[in-house]
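> Structure for the following, please:
(one chain, ligands or ions: 1)
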Amino acid sequence: MPLIQLKFWSANSYHDLKDNGFSLLVLAVPGFLVAVFLLKRFWAENRSAEQTFYNVYFHPLAKVPGPCFAKVNGSYMAPAQAMLCRAQTLLELHKRYGSVVRIGPGEVSISDWKTYREIYSHGASTKQKDFYEATRLAGHDNVFTMIHKDAHASRRKIQEKSYSQQNILTNESLIADKAEILTRRMAKGSQHGHSVDAFRLVGLFSLEVILACAYNRQHGDEPTDECTTLLTAMDASAVAIITSAAVPGLKRSVGRRLPGSIGKAFRQWDSWQKITTNLLDTFQQHELAQDKTGRFMTTPLLLSVDKHLGRKLKRDELIEELMGLTFAGSGTTSTTLTYLLYALAKDSDRQERLREELRSSAGDSLNELQPLPYLNAVIKETLRLYPTIMSTLPRVLNKPLVVDKHLLPVGTSVGMQNYVHHRDPNLYPQPDEFCPERWLMDDAVKLKDMDAGLTPFSLGPYNCIGQNLARAELYLAVGRVFRGLKLTLNATMKDSDMELEDRFNIAPRGRRLLFDVKIV
Ligand code: HEM
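A predicted model of the protein is given here:
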């Protein structure tokens, strides 16, 4: 195993896992399954010495630099993926080998931000089947997993209106209400002299927004069982989803019988599906008839005809789509907000600058918050440094692509990752620093390039359908929290608590963000 990966599988990593409740048996079962899978894959790719020789010397990608083992091993990145540090590993590989790195016999990673548009625009590439199909949540396709161009376009069409800026403005009062609840919960924690766990409160906030905008579910200041159970179930399910993607033969019916944390994660996945089914049923019985304008996201899903299928969605397909939107819509915004609060809690001067700007604004509606320059710079810088979809968006080329003098033929698996090109030091000097001021410089040419390199929501036909909603949540929540509260990092917080775990979506390693909160 190359040095770069060994670094991640250290004694510390094992002890950390143990501390997090993993037993040896729990590590051994999936470890064994992954090892079998890796061996099988290696064997399939190198059936003969000739094949290995071809992969190394005559393959169309033979001249693309990269670790030797990756040339003959399609699972080269699997250990890093299993250790939740795929994007970080790729950044190191790019530093070593340049802007194009061969990471499998037929696969490359690219770090040049100028190539992003070429890869992810209409017609240039197709979603990689194995990866996206492995993320089905209830056994069907949802808009995120769909590979087929027309099937995807017609499923997306049904939902587009829900995420239009106009519909977001219609639902602004719902989102603002949740943002006020978030602020009150943070303030309340401080009154009792305790630290406040913003990671949990922000997770509840973005989930409550989705439940309000999708199902018209309203929750008050006291967190409900429905939300806390759903939040726990979705967080745990991520482990089951990653495990079943890494071990293709591992079906849910088997997974839920496994011992320890992995089996528990699979059972939480069942619980998430059950809660979604109840939410759908309740909406159909009590809300659908009143929603004449289709402002709640579930309404168009229930009533529209999917043109590609030539019919409305069936119950199982609806559940799949709704699980997908809850997952895509809550963890993403909440991690972004978590890291934004974290970055400013560490930096009282910048926090104060933002507060002054917010207080000088006439009000805290979306229309009043959206033009504020420093608020925008803070949000952009958070999306750059902590891009919630940090990892590879894997594609297969439909057209040949030339990058850094390397010709990548049709059929090559390619991928870029926000974590990598958002840290390009030529585009963003001192890339590991949180510096909102970089977005306020006068150099228009430089800013244009920086904007082009900033792709947190991706581009092209599969870009984030929910980005208007996500931005609205960020404006409304940040506006309220910092106008009235001063946040300081609690002394018990360790840097390692906020290390980025690459679960495709970022997750802070310690699963907590403790603040001392003062009402100002
Ligand atoms: C800061 C918050 C968010 C970020 C950074 C983000 C980022 C992304 C990215 C990068 C993709 C492309 C994934 C790929 O190509 O594999 C994506 C897709 C998607 N996002 Fe978001 N997202 C956010 C919030 C949301 C919200 C609030 C929703 C919905 C409520 C949402 C729903 C979706 C859906 C359904 C897709 C699949 C779109 C398609 O394939 O047509 N996202 N998101």
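> Let me see the contact set for Ser348.
Going by CB atoms under 8 Å, 6 or more residues apart in numbering, Ser348 touches 486, 488. Where C-beta positions appear, they are placed from N, C-alpha and C, glycine not excepted.
> Could you grab the helix/strand/coil label for Arg350?
Following DSSP: H, G, I helix; E, B strand; the rest coil, the label given to Arg350 is helix.
> count of neighbours near the spatially closest residue to it that is not a sequence neighbour?
Take Arg350 and drop its neighbours on the chain: the residue closest to it by CB to CB, 6 or more residues apart in numbering is Leu344, 5.9 Å away. For Leu344, the tally of surrounding residues (other CB atoms under 10 Å) stands at 25.
> Check Ser121 too.
The burial count for Ser121: 12, using other CB under 10 Å.
> what's the answer for Ser190, then?
So Ser190, with other CB under 10 Å, has 18 neighbours.
> And it, what's its pLDDT?
At Ser190, the model reports a pLDDT of 79.
> ok so it is a helix residue?
Yes - Ser190: assigned to a helix according to three-state DSSP.
> Next, work out how far apart it and Gly123 are.
To Gly123, Ser190 is 53 Å away according to CB to CB, to the nearest Å.
> Run through who's touching stretch 149-163.
Against stretch 149-163 from outside (CB under 8 Å, 6+ apart): 126, 141-143, 146, 167, 213, 294-297, 300-301, 304, 306-309, 321, 325, 461-462, 465-469.
> quick one: secondary structure of Asp281?
Applying three-state DSSP: Asp281 is helix.
> any idea which element the residue nearest to Arg350 lies in?
helix 315-345 (DSSP states H and E).
> What of Ala87?
Going by DSSP H and E, Ala87 is part of helix 86-97.
> chain center to the very next helix or strand once past that helix: distance?
Sequence-wise, the next helix or strand downstream of helix 86-97 (DSSP H and E) is strand 100-104. Here strand 100-104 is found 23 Å from its chain centre; the criterion is CA atoms, centre = their mean, to the nearest Å.
> Over to stretch 151-165?
20 Å.
> same question, stretch 264-282
The answer for stretch 264-282 is 21 Å, by CA atoms, centre = their mean.
> Then stretch 212-222?
The answer for stretch 212-222 is 23 Å, by CA atoms, centre = their mean.
> Let me see the contact set for Phe515.
Taking CB under 8 Å, 6+ apart, we find Phe515 in contact with 186, 195-196, 198, 341, 345, 487-490.
> ok, the residue in the stretch 201-350 of the chain positioned nearest to the ligand - how many residues close by?
Relative to the ligand, the nearest point of the stretch 201-350 of the chain is Gly329 (2.5 Å; CB to the nearest ligand atom). Applying other CB under 10 Å, we find 25 residues neighbouring Gly329.
> ok, now which ones touch it?
206, 209-210, 466, 469-470.
> redo that, cut-off 10 Å
Counting by CB atoms under 10 Å, 6 or more residues apart in numbering, Gly329 touches 163, 206-207, 209-211, 213-214, 297, 464-466, 469-470, 473.
> when you check the ligand, which of those residues turn up near it?
210, 464-466, 469-470 (CB under 6 Å from any ligand atom).
> helix, strand or coil for the residue lying closest to Ser164 once chain neighbours are set aside?
Nearest residue to Ser164 in three dimensions, chain neighbours excluded: Asn468, at 7.0 Å (CB to CB, 6+ apart). The three-state assignment at Asn468 reads helix, by three-state DSSP.
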